[in-house]
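Chemist: after the sequence you'll find the predicted model.
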Amino acid sequence: MTNERFKNQTAIITGGADGLGQHIATRLANEGARVWIADRDQEKGPAAAEQIGGKFEPLDVADEASVAGAFKRIHTAAGRLDVMVNCAGIVGPNGMKIEEVPVSGFDQVQAVNLRGSFLTCREAVRRMLPRDYGRVLLIASIAGKEGNAGMSCYSTSKAGVIGLVKSVGKEYAETGITVNGLAPAVIRTAMVDNMEPTQVKYMTDKIPMKRCGTLAEVAAMACWILSPEASFNTGFTFDLSGGRAVY
Ligand SMILES: NC(=O)c1ccc[n+]([C@@H]2O[C@H](COP(=O)([O-])OP(=O)(O)OC[C@H]3O[C@@H](n4cnc5c(N)ncnc54)[C@H](O)[C@@H]3O)[C@@H](O)[C@H]2O)c1
């Protein structure tokens, strides 16, 4: 049976060139959405878009002008925006305690993960308001809920994303726009493969199910949150942690 939950809808997936974003983009396209992958990677991005019959738009989520320009071009071409997922993110310094963390690493992680969430969310809401409908999903992390030792920059940025979701969800609660977050534990992607092995072991050992989450599990949950069915949920960061966080 073909599921067409996103028929006629337009979706922007930042960070959609790889990892979680690529899988969410694929499922959205399979379920009828017109998908724009927006990513800083100008090699993987167009290839990922082509694979799903979507389009590619280069952007750096940390840059205000870049985000505004990309969203404007997509909105002009598509005529509407129904779904926006911010998956672009970086880990930054990991496997080290705060005494060793350089300020530049801290600033860079906040710029991409937190400033990027603010900029993409703001641009999406502005473009969803005229039609009084929209689904915004910001990818946070279990690190933002629980705090991972050795990842102070990342954990801080993701806690900020959860706070952003709580606040903005309430701001638009009386409209047709929902703003939610997703807090996965470890999912095997390039991001995780590039981390310190001791850091990955620390995070994986904490998962009660004793396994990593899968990209299919991420896409399934994200696409429910992004569907019209998820109409009584806003300001919430959904858990996807194999039992690590039970709140
Ligand atoms: N993989 C995990 O275990 C895990 C767990 C929890 C949360 N997350 C979060 O999920 C999101 C996706 O992670 P992933 O594991 O798929 O990583 P990934 O490295 O596989 O993919 C990240 C994508 O974001 C893009 N990107 C990075 N910085 C960008 C920028 N400034 N502007 C535009 N694009 C940019 C990259 O080019 C890449 O395509 C991130 O926010 C990450 O923090 C991942």
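Modeler: Noted; the coordinates are in hand. Numbering: from 1, shown residues only.
Chemist: ranges for the strands of the protein?
Modeler: Assigned strands in the chain, in chain order: 10-14, 34-39, 55-58, 83-86, 134-139, 177-184, 237-240 (criterion: DSSP state E).
Chemist: ok, the longest one: who's next to it in the sheet?
Modeler: Strand partners for strand 177-184, identified by DSSP bridges, are recorded as strand 134-139 (parallel), strand 237-240 (parallel).
Chemist: poorly predicted segments of the protein, please.
Modeler: Scanning the chain for pLDDT under 70 picks out the ranges 1-2.
Chemist: how far does the lengthiest helix in it sit from its chain's centre?
Modeler: As assigned by DSSP state H, the longest helix anywhere in the chain is helix 152-171. Counting by CA atoms, centre = their mean, to the nearest Å, helix 152-171 is centred 12 Å from the centre of its parent chain.
Chemist: that one close to the ligand?
Modeler: No. Among the residues of helix 152-171, none lie within reach of the ligand under CB under 6 Å from any ligand atom; the closest is 6.8 Å away. From N, CA and C alone the C-beta is placed, and that goes for glycine too.
Chemist: buried set for that helix?
Modeler: For helix 152-171, a neighbour-count test (16 or more other CB atoms under 10 Å) marks 152-162, 164-165, 168-169 as buried.
Chemist: of the residues you listed, which is the nearest to residue 75?
Modeler: Distance to residue 75, by CB to CB, is smallest for residue 168 among the buried residues of helix 152-171, at 19.0 Å.
Chemist: quick check: residue 70 touching residue 59?
Modeler: Yes. With contact defined as CB atoms under 8 Å, residue 70 and residue 59 form a contacting pair (3.9 Å).
Chemist: give me the common contacts of those two.
Modeler: With CB atoms under 8 Å, 6 or more residues apart in numbering applied, the overlap between the contact sets of residue 70 and residue 59 consists of residue 38.
Chemist: these two: which is more packed in?
Modeler: More crowded of residue 70 and residue 59, by other CB atoms under 10 Å: residue 59, with 29 against 23.
Chemist: residue contacts, that one?
Modeler: Here residue 59 is in contact with 14, 38-40, 66-67, 69-70 (criterion: CB under 8 Å, 6+ apart).
Chemist: could you flag which of those are buried?
Modeler: 14, 38-40, 66-67, 70.
Chemist: residues in this structure within reach of the ligand, list them.
Modeler: Residues of the chain found near the ligand, taking CB under 6 Å from any ligand atom as the criterion, are 14-15, 17-21, 39-41, 59-62, 87-90, 112, 116, 139, 141, 184, 186-187, 189-192.
Chemist: among those residues, which lie within helices?
Modeler: Judged by DSSP H, these include 19-21, 116, 190-192 as members of helices.
Chemist: give me the neighbour count for the nearest residue to residue 155 once chain neighbours are set aside.
Modeler: The shortest distance from residue 155 to any non-neighbouring residue, by CB to CB, 6 or more residues apart in numbering, is to residue 143 (4.3 Å). Counted with other CB under 10 Å, the neighbours of residue 143 add up to 25.
Chemist: I'd say residue 67 and residue 117 touch.
Modeler: No. In this structure, residue 67 is not within contact of residue 117 by CB under 8 Å, at 10.7 Å.
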